[in-house]
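[1] Quick one: sequence and predicted model below, then my questions.
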Amino acid sequence: MTTSSNARTKGPPTTVIMGCGRLGASIAHSLLQDGHRIYIMDIQASNFDRLRSDPVQLGLITPMVGDGTVYADLRKTPVRDAGVFIAVSGRDTQNALAAQIARHIFEVPNVICRMNDPDRQAMYQELGLKAISGIKPLTDLVVRAAKD
């Protein structure tokens, strides 16, 4: 599937986020401040309660019930026009699968996925994904605090 690069450059950047836990909601609000148009999907509608109501009511953040690993659900989002896709559900395998679909099928240029397992991080980076693991930085902070 080929996507027009013009659609990705007009207007505010479009970002699709899979996972509306604390991390996903926080990322959505932070990117909103940078001018992004946010579409956030989660399989549980109750997770959208983490979003502030004003941006949702103004249409700046659009919550969508769906699974980022399901092609039909992703097609309901503007992933074809997205400049950024972020997968931050609680499961590494779901994040990696959704990120690969976004990168290789929908050709989203900037794909980021959360990895809880730092050993998997390098493997997914080799697949062209920006795999982020917070385990090592958090470990370093805790060890440093323990030395104080």
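    That came through fine.
[2] In this protein, what residue spans correspond to strands?
    Per DSSP state E, the chain carries strands over the ranges 14-18, 37-42, 61-65, 84-87, 110-114, 130-132.
[3] Residues touching the fifth one, excluding its own?
    Strand 110-114 is contacted from outside by 19, 23, 83-89, 92, 95-96, 98-99, 102-103, 124, 128-134, using Cβ atoms under 8 Å, 6 or more residues apart in numbering. (C-beta placed from N, C-alpha, C; glycine too.)
[4] hey, where'd the helices end up in the protein?
    For the chain, the helices defined by DSSP state H cover 5-9, 22-33, 53-57, 71-75, 92-100, 118-126, 135-147.
[5] Pick the most deeply packed of those helices.
    Comparing the helices of the chain by mean neighbour count (mean count of other Cβ atoms under 10 Å), helix 92-100 comes out on top with a mean of 21.
[6] now for that one, which elements pack on it?
    strand 14-18, strand 84-87, strand 110-114, helix 118-126 (3 or more Cβ pairs under 8 Å, 6 or more residues apart in numbering; DSSP states H and E).
[7] Since that was my last question, I'll sign off now.
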